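Peer 1: Could you look at this predicted model? Sequence included:
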Amino acid sequence: MAIISTAGLARTFQTKLGPVEAVRGVDLTVREGEILGFLGPNGAGKTTTLRMLTTLLAPTGGVATVAGCDLATDPGGVRRACGYVAQSGGVDPQISVREELVTQGRLYRLTKDQAAGRTEELARDLDLTDLLDRKAGALSGGQRRRLDIAMALTHRPKVLFLDEPTTGLDPGSRADLWDLVRRLRDEHGTTVFLTTHYLDEADALSDRLVVVDQGVVVAEGTPSALKLRYGGSIDASLQDTFLAITGRGPASADAAPVAV
Amino acid sequence: MLLHDTALIYGRYLRQSLRSRFALLFGVLMPLLYLVFFGPLLTGLPLGERGSSWQLLVPGLLLQLGLFGASFAGFSVIIENGQGVVERMRVTPVSRLALLLGRVLRDATVFVFQAVLLVLAAVVMGLRAPLAGVLIGFAFVALLTVSLGSLSYALAMRVRTPGEFGPLINAVSMPSMLLSGLMLPMTLAPGWLDVLSHFMPFRYLVDAVRDAYVGSYTSTAMLYGVLVAVGLVALSVTVGTRVFRTSGA
């Protein structure tokens, strides 16, 4: 069953230099309980697509439904169904972990007691219990990321959007985060929609990949299917497959200067 | 829901203000300096108004406090945009109007608190004014703060860097202060300046508070002041909410 489906989803920004088509018509379907890796070069339109699907940015074209709610007519329903972790996170470094989590619960209309209870629960699940009374600014990169994700899980969303969740994390924290994402899907059936530039991450974590380039979907399928089709062999690296899809392969040997 | 959300956002930002007590007091410094070092210059001058020179100056300083304080309120949103806090809140079902109202009501609280400090200092300097008039003055400070704060947040959501925001606010607030006759009444101005100042909405607010400070609560100036203040609030809150709802640059 499709939990996210879009048809012709598009966003054009008006700038002084003329219109910029950041997303030119994205058609995609995400099944419930799937971990979807959303890949593409810088500027391909990944974040813009995510911002539209989470109601932060109104599309200038196309339609989409998230968890059965229409993006245009029922943004409130979409907001209740999804959690979003932006690249920059979204906590105030001056505020304590506990206060941020409780306020977040209250923003999702939990009562004070419910919000306090949910905070303890999330802290236990995400290994934040000992950090609850620290300021968010005093957390390490990995701890910060866990807090960002805890914030997004406050209301037990059906869909979790993660925008480059492991950028800047050390290998250990990345591995922890991968486990967390898998656990969310396995234990709660959460659909996870994540963007990343780490192709090993996409390979290890995703059930299916969608590759966008210049604002449109240029390839989709399981990691192995994409490797076979675009990389020439199921043993091809996802790196080569990705470069083949986006047409930005390494410059040919003749073109590269021998010495500078 | 609106009430619940507004209270929540208000509480969050009020706690933020209380964490920086220094900033809380610092805001009152500029009008206080005017009060102490500029106020005494006016005591012997023929200003052509009813009441003492303090009844003329203090209303101007109150609105100056609101004008400069609230128009810079947007700085905090620029910082929060950088941290992703605004987007994180906009992804939740929280009322968009509450995201704005919670913030501007916090600002109104802070500036009315500072206004109280300023009036107390003015009493020490020699201000004598009816209590009702003083309270009306605080109400105007609150209304001015809510409107300017809303506009400031709306602008801050649209600009990317503090470097763009600061000069823009200065370019608007300085002429606003001069043209509304905050320091000296526009009745002293030559005809052209007086006419020009009537296009500056804050002038009506200052005139109304000056009337309140001499106990004339039912004057035409008071009527205009109330109409302009309420009109500004309605307009600014509408603009501000619109920006919190749709903004996504």
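Peer 2: Thanks, I have it.

Peer 1: Grab the nearest non-local neighbour of residue 146.
Peer 2: I went with chain A, as the question did not name one. Setting aside the residues directly before and after it, residue A:146 is nearest to residue A:126 in space (Cβ to Cβ, 6 or more residues apart in numbering or on different chains), at 4.5 Å. Glycine gets a C-beta too; all of them are placed from N, C-alpha and C.

Peer 1: wrong one, chain B
Peer 2: The shortest distance from residue B:146 to any non-neighbouring residue, by Cβ to Cβ, 6+ apart, is to residue B:104 (4.7 Å).

Peer 1: What parts of chain B come near chain A?
Peer 2: B:1, B:4-5, B:8, B:12, B:15-16, B:19, B:80, B:82-85, B:87-94, B:246, B:248-249 (Cβ under 8 Å from any Cβ of the partner chain).

Peer 1: Would you mind checking the residues you listed for buried ones?
Peer 2: B:5, B:8, B:12, B:16, B:80, B:83-85, B:87-94, B:248 (16 or more other Cβ atoms under 10 Å in any protein chain shown).

Peer 1: so of those, which ones are in helices?
Peer 2: The helices in this structure, assigned by DSSP state H, contain B:5, B:8, B:12, B:16, B:80, B:83, B:85, B:87, B:88, B:89, B:90 from these.

Peer 1: Which secondary structure state does the residue nearest to the fourth one when sequence neighbours are not counted sit in?
Peer 2: Yep, that's residue B:16 we're talking about. Closest residue in space to residue B:16, ignoring its immediate chain neighbours: residue A:94 at 7.1 Å, by Cβ to Cβ, 6+ apart. Using DSSP: H, G, I helix; E, B strand; the rest coil, the structure places residue A:94 in coil.

Peer 1: just for the stretch 101-250 of chain A, where's the confidence low?
Peer 2: A:248-250 (pLDDT under 70).

Peer 1: And the residue nearest the centre of chain B?
Peer 2: The centre of chain B sits closest to residue B:66, judged by Cα atoms, centre = their mean, with a distance of 2.4 Å.

Peer 1: Dump the C-alpha coordinates for the helix or strand of chain B with the lowest mean pLDDT into CSV.
Peer 2: Across the helices and strands of chain B, the lowest-confidence element by mean pLDDT, DSSP states H and E is helix B:21-26, at a mean of 82. Extracted as CSV, the C-alpha positions of helix B:21-26 are listed here (Å, rounded to 0.1, in the frame of the first residue of the first chain):
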residue,chain,number,x,y,z
ARG,B,21,18.2,39.1,32.6
PHE,B,22,20.9,41.4,31.5
ALA,B,23,19.3,41.9,28.1
LEU,B,24,16.0,42.4,29.8
LEU,B,25,17.3,45.5,31.7
PHE,B,26,19.7,46.6,28.9
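
Peer 1: quick one: contacts of that helix?
Peer 2: Contacts with helix B:21-26, where a contact means Cβ atoms under 8 Å, 6 or more residues apart in numbering or on different chains, come from B:17, B:18, B:110, B:113, B:114, B:117.

Peer 1: Can you name the next helix or strand after it?
Peer 2: Taking DSSP states H and E as the definition, the helix or strand that follows helix B:21-26 towards the C-terminus is helix B:29-37.

Peer 1: Pull the residues that contact the longest helix seen in chain A.
Peer 2: Counting by DSSP H, the longest helix found in chain A is helix A:171-188. Counting by Cβ under 8 Å, 6+ apart, the neighbours of helix A:171-188 from elsewhere in the structure are A:33-35, A:126, A:140-142, A:145-146, A:149, A:153, A:156, A:160, A:162, A:165-166, A:169, A:190-192, A:194, A:198, A:201, A:204-205.

Peer 1: In contact with the residue of the stretch 151-260 of chain A found nearest chain B, which residues?
Peer 2: When distances are taken as Cβ to the nearest Cβ, the stretch 151-260 of chain A approaches chain B most closely through residue A:151, which lies 6.7 Å from it. Contacts were defined as Cβ under 8 Å, 6+ apart; by that measure residue A:151 touches A:83, A:85, A:90, A:91, A:100, A:101, A:104, B:88.

Peer 1: Identify the residues contacting the residue found closest to the third one once you drop the neighbours it is linked to in the chain.
Peer 2: Using Cβ to Cβ, 6+ apart and skipping the chain neighbours, the partner closest in space to residue A:90 is residue B:88 (2.9 Å). Applying Cβ under 8 Å, 6+ apart, we find residue B:88 in contact with A:84, A:86, A:89, A:90, A:91, A:151.

Peer 1: which of the residues you listed are buried?
Peer 2: Applying the neighbour count, that is 16+ other Cβ under 10 Å, the buried entries in the contacts of residue B:88 are A:84, A:86, A:89, A:90, A:91, A:151.

Peer 1: Using pLDDT, spot the least trustworthy of those.
Peer 2: In terms of pLDDT, the lowest of those is residue A:89, showing 86.

Peer 1: so it touches residue A:141, yeah?
Peer 2: No - assessed by Cβ atoms under 8 Å, residue A:89 is found out of contact with residue A:141, at 10.0 Å.

Peer 1: Identify the residues contacting the residue of the stretch 51-200 of chain A found nearest chain B.
Peer 2: Closest to chain B within the stretch 51-200 of chain A is residue A:90: 2.9 Å, counting by Cβ to the nearest Cβ. Neighbouring residues of residue A:90 by Cβ under 8 Å, 6+ apart: A:148, A:151, B:83, B:84, B:85, B:87, B:88, B:89.

Peer 1: cool, residue A:247 as well?
Peer 2: With contacts taken as Cβ under 8 Å, 6+ apart, residue A:247 has the following neighbours: residue A:213.

Peer 1: Could you report the separation of it from residue A:219?
Peer 2: In this view, residue A:247 and residue A:219 are 11 Å apart by Cβ to Cβ, to the nearest Å.

Peer 1: Name the SS class of residue A:72, please.
Peer 2: Recorded secondary structure, residue A:72: coil (three-state DSSP).

Peer 1: Distance of it relative to residue A:216?
Peer 2: When distance is defined by Cβ to Cβ, residue A:72 is 21 Å away from residue A:216.

Peer 1: any idea where the strands of chain A begin and end?
Peer 2: With DSSP state E, the ranges of strands along chain A come out as A:2-15, A:18-31, A:35-39, A:61-66, A:69-70, A:82-85, A:159-163, A:191-195, A:208-213, A:216-221.

Peer 1: Now render the ones you listed as CSV, adding distance to chain B.
Peer 2: As requested, the strands of chain A are exported to CSV (distance: least, Cβ to the nearest Cβ, whole Å):
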stretch, distance to chain B
strand A:2-15, 8
strand A:18-31, 11
strand A:35-39, 17
strand A:61-66, 12
strand A:69-70, 12
strand A:82-85, 5
strand A:159-163, 9
strand A:191-195, 13
strand A:208-213, 19
strand A:216-221, 21
